[in-house]
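**Q** Turn this into a structure:
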Amino acid sequence: MKEITIVVPDIKRVGKEARVLVDTMTKLFSIGTELIKKKVFIRHPEEPKKTYNASVMVKWNPFNVAGVTFDGRQEVIATFNGDETVRLEQQTFHDREAVAIFIGDKQVGFIPDFPRGHSNSKAKIVWDKLAKGKTVNVIGWKRIGGGAPGIKFGIQLDIETER
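**A** Below is the predicted model of the structure:
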């Protein structure tokens, strides 16, 4: 793991120091994508024993929503245009902890429970984070498949969770 130390001089004049600060920030933003993907620590030079965790959100790989073919959901999914709001809600489904997915005011399915009932299933992890009051953001979704006879619609969800 790489450690990055940022030392910002006191800016008393708006000249060279400001340009140095802008150049430093530009370099940091140019590697920002890599910093977000990894756990990055920033250490203040005057407090060498104190470490700050700068990465608090974890982006998940996009996944397909489970249960999209039940309860008339195919007809509902076919009407979506991509501007609708997505909401996650904890529910009990068949005596199990489940996370239902709503687009607009319509339920379209669940976060998949795979491996079924396992503590590392997507559903269990998200359920636990919601139960602990941690942040779970839906950062994107799209309708997939459908449009041809015999081809069902699906929903692909893109989320991030607080560590």
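
**Q** CA only for contacts and neighbour counts going forward, please
**A** Will do.

**Q** can you pull the contacts of residue 153?
**A** Shown in contact with residue 153 (Cα atoms under 8 Å, 6 or more residues apart in numbering): 68, 69, 74, 77, 78, 143, 144, 145, 146, 147.

**Q** what about 6 Å?
**A** 144, 145, 146 (Cα atoms under 6 Å, 6 or more residues apart in numbering).

**Q** and which of those is nearest residue 161?
**A** Of all the contacts of residue 153, residue 144 has the smallest distance to residue 161: 23.1 Å, by Cα to Cα.

**Q** what's the helix or strand for the closest one?
**A** Element membership of residue 144, judged by DSSP states H and E, is strand 136-145.

**Q** Run me through the strand neighbours of the next helix or strand after that strand, direction for each.
**A** Going down the chain from strand 136-145, the next helix or strand is strand 153-162, by DSSP H and E. Sheet pairing of strand 153-162 (DSSP bridges) gives strand 57-59 (antiparallel), strand 63-64 (antiparallel), strand 136-145 (antiparallel).

**Q** Among those, show the one with the smallest mean pLDDT.
**A** Among these, strand 57-59 carries the lowest mean pLDDT, a mean of 85.

**Q** where do the helices sit along this structure?
**A** Counting by DSSP state H, one finds helices in the chain at the ranges 16-30, 32-37, 73-78, 122-131.

**Q** Can you give the contact residues for the third one?
**A** Applying Cα under 6 Å, 6+ apart, the set of residues contacting helix 73-78 from outside is residue 108.

**Q** which parts of it are buried?
**A** Across helix 73-78, burial judged by 16 or more other Cα atoms under 10 Å covers 73, 74, 77.
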